[in-house]
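Undergrad: Compute the structure for the input listed below.
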Amino acid sequence: MTQPTQPTRSTPPVAGGGQPDPAAVAAPIEAVAFDLDGLLVNTEELYQHVGTELLRRRGKPFEPDLLDAMMGRPQPVSLQIMIDWHGLTDTIAALAAETRDIFRGLLDTDLRTMPGAVELLDLLADRGIPRGVATSSGPDFAHDVLGRAGIRERFEFVLTCADVTQGKPHPEIYEAAARRLAVEPARMLVLEDSQAGCRAAVAAGAVAVAVPGGHSRRHDFTGARFVAESLADPRIRALLAG
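TA: The predicted model follows:
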């Protein structure tokens, strides 16, 4: 991992509630990397419906702990976790095909951007701050969802599971994002909704901010600068103003 080119200062003690002061960031933010599912768009919520239906058809429950284990990981990994968890006889390919069939109908009716996403992208564009997407989803799905949501052209690039050999929580995808954004990791803000994604960002040396959705609020976000209420959280803007 490349080290920052300028000296850093130690992070002061965390104030009450486990929410560090955004001003404690050592270097100014020069670029932003976004996760996709559950962060920019509500597909994590839709995936929960898909997982519930997949397992309902097999007489199995979709437990919260199973969802935790699957969130933020590449689809083949998450589906293998599901198979192992319940001792399913299905192959990853069969479950992936069934997932696509169920998911297609949900995308047509229920896809939406997450609160504050469009406004934050507007702010970054106004300030000329480069931005990219770094997702565990596949390229076809990621580009389709971003296009449907009307925000694909807001990003300089979209990195997917096809661009890395090791998925989150390994830091590879965020190391690659920093290279594509031409910044040191310590000057890159990463916005993530899952424990696996946040760990990847922290391990890459980026400034990680957790923006959990409904279920992922129970995740462990150790190492994150703070846990935001949404992408509209004013502390995110305070980081960008530094």
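Undergrad: all helices of the protein, in order?
TA: Along the chain, the stretches classed as helices by DSSP state H are 43-56, 64-70, 75-86, 92-110, 117-127, 139-149, 172-181, 195-203, 234-241.
Undergrad: Can you check the pLDDT for the residue nearest to the spatial centre of the chain?
TA: Note on the chain: the residue nearest the mean C-alpha position is Asp35, at 2.9 Å, using C-alpha atoms, centre = their mean. Model confidence at Asp35, given as pLDDT, is 98.
Undergrad: coming back round to it: among the helices of the chain, which is the most enclosed?
TA: helix 195-203 (a mean of 26; mean count of other C-beta atoms under 10 Å). (Glycine included, C-beta is placed from N, CA and C.)
Undergrad: who's in contact with that helix?
TA: 33, 35, 68, 71-73, 136, 168-174, 190, 192, 208, 210, 216, 219-224 (C-beta atoms under 8 Å, 6 or more residues apart in numbering).
Undergrad: If we go by neighbour counts, what in stretch 151-171 is buried?
TA: 151, 154-155, 158-161, 163-164, 167-171 (16 or more other C-beta atoms under 10 Å).
Undergrad: among those residues, which are in strands?
TA: Mapping those onto strands (DSSP state E) picks out Val158, Leu159.
Undergrad: Nearest to Ala27, out of the buried residues of stretch 151-171: which one, please.
TA: Relative to Ala27, the closest of the buried residues of stretch 151-171 is Pro171; by C-beta to C-beta it sits at 18.0 Å.
Undergrad: Touching, that closest one and Met188? I think so.
TA: No: contact criterion C-beta atoms under 8 Å: Pro171 and Met188 do not qualify, at 11.7 Å.
Undergrad: In JSON lines, list the helices of the chain along with mean pLDDT.
TA: Listed next are these as JSON lines, based on pLDDT from 0 to 100:
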{"stretch": "helix 43-56", "mean pLDDT": "92"}
{"stretch": "helix 64-70", "mean pLDDT": "90"}
{"stretch": "helix 75-86", "mean pLDDT": "95"}
{"stretch": "helix 92-110", "mean pLDDT": "92"}
{"stretch": "helix 117-127", "mean pLDDT": "98"}
{"stretch": "helix 139-149", "mean pLDDT": "95"}
{"stretch": "helix 172-181", "mean pLDDT": "98"}
{"stretch": "helix 195-203", "mean pLDDT": "96"}
{"stretch": "helix 234-241", "mean pLDDT": "95"}
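Undergrad: Now render those as JSON lines, adding distance to Ile29.
TA: Converted to JSON lines, the helices of the chain look like this (distance: least, C-beta to C-beta, whole Å):
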{"stretch": "helix 43-56", "distance to Ile29": "25"}
{"stretch": "helix 64-70", "distance to Ile29": "29"}
{"stretch": "helix 75-86", "distance to Ile29": "30"}
{"stretch": "helix 92-110", "distance to Ile29": "32"}
{"stretch": "helix 117-127", "distance to Ile29": "10"}
{"stretch": "helix 139-149", "distance to Ile29": "22"}
{"stretch": "helix 172-181", "distance to Ile29": "11"}
{"stretch": "helix 195-203", "distance to Ile29": "13"}
{"stretch": "helix 234-241", "distance to Ile29": "6"}
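Undergrad: which one of these lies closest to Ala27?
TA: When these are compared by C-beta to C-beta, helix 234-241 sits nearest Ala27, at 11.0 Å.
Undergrad: Just the CA trace of that closest one, in PDB.
TA: What follows is helix 234-241 as a C-alpha-only set of coordinates in PDB (Å, rounded to 0.1, in the frame of the first residue of the first chain):
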ATOM      1  CA  PRO A 234     -23.500  17.100   7.000                       C
ATOM      2  CA  ARG A 235     -20.400  15.500   8.400                       C
ATOM      3  CA  ILE A 236     -19.700  14.100   4.900                       C
ATOM      4  CA  ARG A 237     -19.800  17.600   3.500                       C
ATOM      5  CA  ALA A 238     -17.500  18.800   6.400                       C
ATOM      6  CA  LEU A 239     -14.900  16.200   5.200                       C
ATOM      7  CA  LEU A 240     -15.100  17.500   1.700                       C
ATOM      8  CA  ALA A 241     -14.600  21.100   2.900                       C
END
